[in-house]
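**Q** how would this look folded up:
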Amino acid sequence: MFTVLKNADLYAPEALGLNDLWLTEGRILALAPNLPNPPQQIAHEVVDLQGKRLIPGLVDGHVHLTGGGGEDGPASRVPPLQFSRLVSAGVTSCIGVLGTDGTTRTMRELVSTTLALRQEGLSAWCYTGSYQVPPVTLTGSVRDDLVFIDPIIGVGELAISDHRSSQPTLNEFLRIASDAYVGGMMARKSGVMHLHLGDGPRGMDLIRRALETSELPPRLFHPTHINRREELFCEAQELSRQGVTVDLTAFPEEGESLSAAKGITRWLDEGLAIDRLTCSSDGAGCLPVFDDQGRMVQMDIGQPMTLIQTLAQLLAEGQSLADILPIFTSNPARVAGLTGRGQIESGGRADLVVLGKDAGIDSVLAGGRWMVRDGEIQKYGLFER
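**A** Numbering: from 1, shown residues only. Reported below is the predicted structural model:
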């Protein structure tokens, strides 16, 4: 069965103008302006997009697939993320993390949930470890997890500058980073260190000292939540000039935090390299507020939908889609080493999002299958309905 998409205003993520696409067996067979339809004897469906914008499926590099939270007792554990909440947000590739709780949440559960999403039709990977040091792993070793467990592509989210972290020393930090780096080399994976940044005054000090005192490359480190404080955002800007790619979280703006949209606008206005910036949702993660004694007084929950909402807000404010789209697609795919994701190309995987009015989700294809069509969810997780 062929699917033919006609008259797509294509962003791959670069702007390519009006194009037609042939899709079959989960791949983009052909991509060009004014493609002919397949011969009548070949079963096919023609969908005229009538100039709607077609973009790569979003790559969400920080999702609590098994649920986050737990900082205020068992009742504060956030439920696992449902399949339909990802696809309805335009997310076709995601990376799972554990977060604070590496005790009641396990790597076995995370890997199994990741594989289940693959079976359902999404592209999914995960990180080994959690906030804590030594990292919780599946095999007992960061390096072995990377080498022997297919979905595991790096370490994360390891916490620094946070009262919930294990307060790692530089030597402990470097040992984990070197295991991730070499394990990634051996497995031909990114081996990236995805790092949770808290509100602590030390900020990104461990990353700076790691770069100053070791031979590890800047590309290894990928700090997230950089927009939670002004000082942290400024540190992230400086580290990006040294080759580190940093990650904004699309959480609601409150207190000292910057919204992801404001952070991206500032990044562009200050002329910083756009390929050193990514944005993730923290989907199903707990977004807590603590008092000065470390007690949780309020919590919210991260939502995958905040990625496309941030994209829509930026477009409404006059930003160019071609300029900002890599932050949500090709940049996170590159950092995580996800070959063929976050871009649209002939021969590539058919992970596609059709944008509707006001840059909302019109339709979503993952591996060439309709997950959302004309605003209606076509596929739910096995136990959702």
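**Q** so what's residue 118 closest to, chain neighbours aside?
**A** Computed as C-beta to C-beta, 6 or more residues apart in numbering, the closest residue to residue 118 that is not its neighbour in sequence is residue 124, at 5.3 Å. (C-beta placed from N, C-alpha, C; glycine too.)
**Q** tell me which element the one you found is part of?
**A** Counting by DSSP states H and E, the secondary-structure element that holds residue 124 is strand 123-128.
**Q** circling back: in this structure the residue nearest to residue 118 contacts residue 114, no?
**A** Yes. Distance between residue 124 and residue 114: 4.7 Å, which falls inside the contact criterion (C-beta atoms under 8 Å).
**Q** quick check: neighbours shared by these two?
**A** When contacts are counted by C-beta atoms under 8 Å, 6 or more residues apart in numbering, residue 124 and residue 114 have 65, 96, 151 as shared neighbours.
**Q** tell me which of these fall in strands.
**A** residue 96 (DSSP state E).
**Q** and of the shared contacts of residue 124 and residue 114, the nearest to residue 34?
**A** Out of those, the one with the shortest distance to residue 34 is residue 151. That distance is 39.9 Å, counting by C-beta to C-beta.
**Q** which residue ranges form the helices in the stretch 1-150 of the chain?
**A** Per DSSP state H, counting those that start in this stretch, the stretch 1-150 of the chain has helices spanning 83-87, 107-120, 142-148. These are given in chain order.
**Q** just checking, what packs against the last one?
**A** The one in question is helix 142-148. Where contact means 3 or more C-beta pairs under 8 Å, 6 or more residues apart in numbering; DSSP states H and E, helix 142-148 is packed against strand 123-128, strand 152-160, helix 170-187.
**Q** just to revisit the earlier point, partners of the residue nearest to residue 118 in the sheet?
**A** When bridges are called by DSSP bridges, residue 124 pairs up with residue 94.
**Q** list the contacts for it?
**A** Shown in contact with residue 124 (C-beta under 8 Å, 6+ apart): 65, 93, 94, 95, 96, 114, 115, 117, 118, 151.
**Q** kindly recompute the last result at 7 Å.
**A** With contact set as C-beta atoms under 7 Å, 6 or more residues apart in numbering, residue 124 has these partners: 94, 96, 114, 117, 118, 151.
**Q** rewinding a little: got the shared contacts of residue 124 and residue 114 as TSV, with pLDDT, distance to residue 333 and neighbour count columns?
**A** Output for the shared contacts of residue 124 and residue 114, formatted as TSV (pLDDT from 0 to 100; distance: C-beta to C-beta, whole Å; neighbours: other C-beta atoms under 10 Å):
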residue	pLDDT	distance to residue 333	neighbour count
65	97	18	27
96	98	16	26
151	98	15	20
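**Q** from the shared contacts of residue 124 and residue 114, pick the one nearest residue 31.
**A** Compare each of the shared contacts of residue 124 and residue 114 with residue 31 using C-beta to C-beta and the shortest gap goes to residue 151, at 28.8 Å.
**Q** that closest one and residue 379, how far apart?
**A** Taking C-beta to C-beta, to the nearest Å as the measure, residue 151 and residue 379 are separated by 21 Å.
**Q** then residue 354?
**A** In this structure, residue 354 and residue 379 are 16 Å apart, going by C-beta to C-beta.
**Q** between these two, which has more neighbouring residues?
**A** Neighbour tally, residue 354 and residue 379, criterion other C-beta atoms under 10 Å: the higher count belongs to residue 354, 23 against 18.
**Q** which element is the more buried one on?
**A** With DSSP H and E as the test, residue 354 turns up in strand 352-355.
**Q** Provide the strand pairings for that strand, with the direction of each partner.
**A** For strand 352-355, the paired strands and their directions (DSSP bridges) read strand 53-56 (antiparallel), strand 361-366 (antiparallel).
**Q** of all these, which one is nearest residue 216?
**A** Evaluated with C-beta to C-beta, the strands paired with strand 352-355 place strand 53-56 nearest to residue 216, the distance being 29.9 Å.
**Q** give me phi/psi at the closest residue to residue 129 other than its chain neighbours?
**A** The shortest distance from residue 129 to any residue other than its chain neighbours is 3.3 Å, reached at residue 135 (C-beta to C-beta, 6+ apart). Torsion angles at residue 135 (phi, psi; degrees, to the nearest 10) stand at phi -70, psi 140.
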